[in-house]
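[1] Here is the input, now give the coordinates:
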Amino acid sequence: MALKIIVCAKQVPDTNEIKIDPVTKTLKREGVPAILNHDDANALEEALRIKDKYPDTYITVITMGPPQAVDMLRQCLAMGADEGILASDRALGGSDTWATSNALAATVRKVGDYDIIFAGRQAIDGDTAQVGPQMAEKLGLPQVTYVKQFELAEDMQTITVHRALEDGHEIIRIKTPCVLTAIHQLNTPRLPSMKGIMAARKKPVSTYSAADLGVDPDKEVGLLASPTNVYRSFTPVPRGKGTMLEGESNEQAEKLLIGLKAKLAI
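    So this is what the prediction gives:
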């Protein structure tokens, strides 16, 4: 039995290079390097590990974004994925998480046949962790989020995962087809090999418009269809230098108490 896996990935700005425009209060994206979202790399790696064990596995990576997101898809193909699909259209621009999940769900339906959908827990440019679960709901699929350990049974239809919690983890058994969102503890993503980079040039990459996906720009995707929007982004004001009080004397304790009362009075 050959497994068919879909991986949802996103090209994001490197948050180590992000700056805020002081006038418009929005992110400066010009000159900022674009990268494969970290959690999505973990999602892809887990799919590739399945393919390592079962070579007949077919991996399709889907994304929504501007035309340059095809570079990120080529990176995924170089890592070992088989096919890339880009949903790119001005009508998709400005989509919030709800509208984005509509577009991705429509892209999954376009792909058609699949056993597992992997996605990253969240994107580093938004940190909402909403798109994967929303997509699962719209596809009518069972889902497990925050997956930190994965095991596929010999029947290739039963999956056992460990789901991370703040104070431990849950062990959940789930049947395919399903949606799983990965966290960085799941694995260590591989780097593309030179052979993989050369092979990626010959692998198929398709681009779908909103019309191709059959989504309504006024009701399902895009800025007008998004029920939420970012009012503004800003850089927090740096905190002042702290005061160090060393020692264990009553005098130091009194200074600490006076300082705390002064802070509370501000």
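[2] all contacts plus neighbour counts: C-alpha atoms, from now on.
    Fine.
[3] doesn't residue 136 make contact with residue 102?
    No - with contacts counted by C-alpha atoms under 8 Å, residue 102 stays clear of residue 136, the gap being 10.2 Å.
[4] Which residue of those two possesses the greater neighbour count?
    Legend: neighbour count by other C-alpha atoms under 10 Å for residue 102 and residue 136, higher for residue 102 (23 against 19).
[5] for the host helix or strand of residue 133, which positions count as buried?
    Assignment of secondary structure by DSSP states H and E places residue 133 within helix 131-139. Judged by neighbour count (16 or more other C-alpha atoms under 10 Å), helix 131-139 contains these buried residues: 131-136, 139.
[6] next one: stretch 34-54
    Buried, per 16+ other C-alpha under 10 Å, within stretch 34-54: 34-48, 50-51.
[7] What segments of the stretch 1-150 of the chain are strands?
    If DSSP state E, counting those that start in this stretch is used as the criterion, the strands of the stretch 1-150 of the chain fall at 4-8, 11-13, 19-20, 27-28, 34-36, 58-64, 83-87, 116-120, 143-152.
[8] how about residue 181, secondary structure?
    strand (DSSP: H, G, I helix; E, B strand; the rest coil).
[9] First-to-last residue distance for stretch 187-205?
    Terminal residues of stretch 187-205 lie 26 Å apart, using C-alpha to C-alpha, to the nearest Å.
[10] ok, and what's touching that stretch?
    Contacts to stretch 187-205, defined as C-alpha atoms under 8 Å, 6 or more residues apart in numbering, come from residues 41-42, 44-46, 70, 73-75, 77-80, 82-86, 148.
[11] swap the cut-off to 7 Å and go again
    Applying C-alpha atoms under 7 Å, 6 or more residues apart in numbering, the contact partners of stretch 187-205 are 41-42, 45, 74, 77-80, 82-85.
[12] Now the two most distant members of the residues you listed.
    42 and 85 (18.7 Å; C-alpha to C-alpha).
[13] between the contacts of stretch 187-205, which is nearest residue 65?
    For the contacts of stretch 187-205, the nearest to residue 65 is residue 85 (10.6 Å; C-alpha to C-alpha).
[14] give me the beta-bridge partners of that closest one?
    Residue 85 forms beta bridges with residue 62, residue 206, as assigned by DSSP bridges.
[15] thought it was touching residue 213?
    No - using C-alpha atoms under 7 Å, residue 85 makes no contact with residue 213, being 11.6 Å away.
[16] So for these two, which residue has more residues nearby?
    residue 85 (22 against 18).
[17] Now do the contacts for that one.
    Per C-alpha under 7 Å, 6+ apart, neighbours of residue 85: 61-63, 205-207.
[18] now do residue 129
    When contacts are counted by C-alpha under 7 Å, 6+ apart, residue 129 is found next to 121-122.
[19] now swap in residue 90 and tell me
    No contacts exist for residue 90 under C-alpha under 7 Å, 6+ apart.
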